[in-house]
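Colleague: Build me a model:
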Amino acid sequence: MSLSAVPAPRPRRGEVVPSLETLLTIETGSSDNVSPTVFRKKAYERFLAGDHSFGRYSRLKLDWTGLTPKASRFEPLDVRPWDADAGSPVELPSLAETGSGEAFQMAQSRFHLISPWDQVVAAGWRDGLSLRWPAGQSAKPMGIQVTSPGGLILEPILMDVEPGAEASVFIRWDGSDNPGLHLTSLQGRVAQGARLKLVLLHQGLGSHHRISSSLELGRDASVEVFCAWLGGKWTVARFGAELSQPGASWRETHLISTAGREHLDLDSQVRMAAKHTHSDIQVKTVADGDSRAIFTGNLLMESEAVQSEAYLSDHVLLLSKGTRADSIPGLEIKAADVKASHAASVGQVDEEQMFYLESRGLATAEARRLIVVVFLESLLERAPLPLVQEILHPLLESKVS
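Modeller: Okay, here's the model as predicted:
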């Protein structure tokens with residue numbers, strides 16, 4: 001079967017769409033269910049039929065139709081220097097390049113409720129990660145280093161935390177100064193009574209990166225996501241969580257530092273559709289130079305979410321006149337007997353705090369640096385893994401300096 005049978009895309013005004021040959025340069029075998037070729041073709045067709053924008057506040061100024069398709073480099077990251085409870089680095093289970101067999105079946109089952117850009121990943125991925133934690137087991141923290149070589153990267157990361165299992169994952173992205181578009185799709189489920197602690201550290205350098213994460217939580221499942229965004233020319237992040245089973249709990253934290261002409265567009269959407277669910281999202285941003293940072297968050301509490309709790313906060317610290325930040329938190333409540341609140345603020349370094357520190361002998365630059373570091377590090381107490389503070393503290397000191 002030739003994939004070139006898919007009709008050529010018809011770009012909408014102001015958007016760039018790749019040819020099929022750009023995305024799909026490999027022939028795929030068959031599997032026991034739907035053939036990989038058919039699966040990829042259908043995913044590409046859904047992409048063509050969908051909305052190709054990256055969001056209201058983000059436009060991709062990069063002609064990625066001619067980028068060479070490549071695969072990320074996945075390497076085990078030894079986290080034992082920062083976490084004594086961590087295990088030895090393990091061999092990472094990558095998805096087969098041909099997308100056949102058990103790994104492909106998992107890819108089919110996990111690529112659901114996703115955007116058109118995730119459909120691009122589903123259509124053209126060459127390699128990715130397939131992470132699975134068996135039922136009832138508690139695994140030691142796992143570290144993963146992801147390095148982008150530039151070019152067109154289509155990267156699925158599939159997670160399956162089975163009932164009663166406990167998983168802890170630290171993923172670190174390092175970008176490249178080579179031109180590139182890096183599309184990451186992190187999909188999966190956290191089954192009944194399971195726990196997932198997920199830490200994401202992003203240092204994108206000069207590459208363009210879109211990350212989307214969509215996780216489905218089972219009954220009494222618990223997920224803690226902690227993200228540190230410490231660099232990237234153009235980064236768009238989309239997080240989604242489905243709390244459709246009673247007792248599901250979602251905790252999401254974002255620590256953001258932008259500088260120069262960096263662009264970060266962060267969106268978080270949580271849907272609560274069962275009783276006794278809990279959601280807590282907190283974001284803190286420090287923006288400097290001519291950078292732009294956007295946070296859009298929405299907590300949807302359906303009528304079934306009785307006796308549930310939701311909290312959303314976003315606070316921004318601006319360090320220069322040229323920077324721009326947008327804070328757009330929202331709550332949509334359809335249920336009675338719930339607790340819900342949200343808060344947002346955008347401001348500059350407090351002059352009274354500066355005066356206090358300078359009056360005690362600190363130079364202006366040092367006083368300013370101290371205020372910024374303390375502002376961001378106040379979120380570290382929410383980190384689900386002890387290694388986060390050990391890793392992030394020197395990085396924050398360097399970034400702010």
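Colleague: Am I right that P81 sits in a helix?
Modeller: No - assessed with DSSP: H, G, I helix; E, B strand; the rest coil, P81 is coil; it does not lie in a helix.
Colleague: tell me which element the closest residue to it other than its chain neighbours falls in.
Modeller: In this structure, P81 finds its nearest non-sequential neighbour in E390, 7.9 Å apart by CB to CB, 6 or more residues apart in numbering. Quick note: C-beta positions are derived from backbone N, CA and C, even for glycine. Assigned by DSSP states H and E, E390 falls within helix 387-400.
Colleague: which helices and strands sit right next to that helix?
Modeller: Judged by 3 or more CB pairs under 8 Å, 6 or more residues apart in numbering; DSSP states H and E, helix 387-400 is in contact with strand 195-203, strand 222-229, strand 249-258, helix 364-377.
Colleague: again, only this time at 7 Å
Modeller: Applying 3 or more CB pairs under 7 Å, 6 or more residues apart in numbering; DSSP states H and E, one finds that helix 387-400 contacts helix 364-377.
Colleague: So what touches the helix it packs on?
Modeller: 255, 257, 284, 286, 317, 349, 353-354, 357-358, 362, 396-397, 400-401 (CB atoms under 7 Å, 6 or more residues apart in numbering).
Colleague: got it, and stretch 220-229?
Modeller: 190-202, 215, 217, 235, 241, 247-256, 264, 382-384, 388, 392.
Colleague: distance of the residue located most distally from the centre of the chain from Q348?
Modeller: Relative to the C-alpha centroid of the chain, counting by CA atoms, centre = their mean, S359 is the outermost residue, at 41.6 Å. Distance of S359 to Q348, given as CB to CB, to the nearest Å: 19 Å.
Colleague: go on, D314?
Modeller: 16 Å.
Colleague: The two: which is more packed in?
Modeller: Using other CB atoms under 10 Å as the criterion, D314 and Q348 rank with D314 on top: 26 against 11.
Colleague: Give the bridge partners for that one, please.
Modeller: Using DSSP bridges, the bridge partners assigned to D314 are V283, A344.
Colleague: got a list of what it touches?
Modeller: Taking CB under 7 Å, 6+ apart as the test, what D314 contacts is 283, 295, 297, 327, 329, 344.
Colleague: can you give me the helices for the stretch 51-200 of the chain?
Modeller: Ranges of helices in the stretch 51-200 of the chain, per DSSP state H, counting those that start in this stretch, are 101-110, 116-124.
Colleague: Considering these, which stretch scores lowest in mean pLDDT?
Modeller: When the helices of the stretch 51-200 of the chain are ranked by mean pLDDT, helix 101-110 comes last with a mean of 58.
Colleague: least confident pick among the contacts of helix 364-377?
Modeller: Of all these, S401 has the smallest pLDDT value, namely 72.
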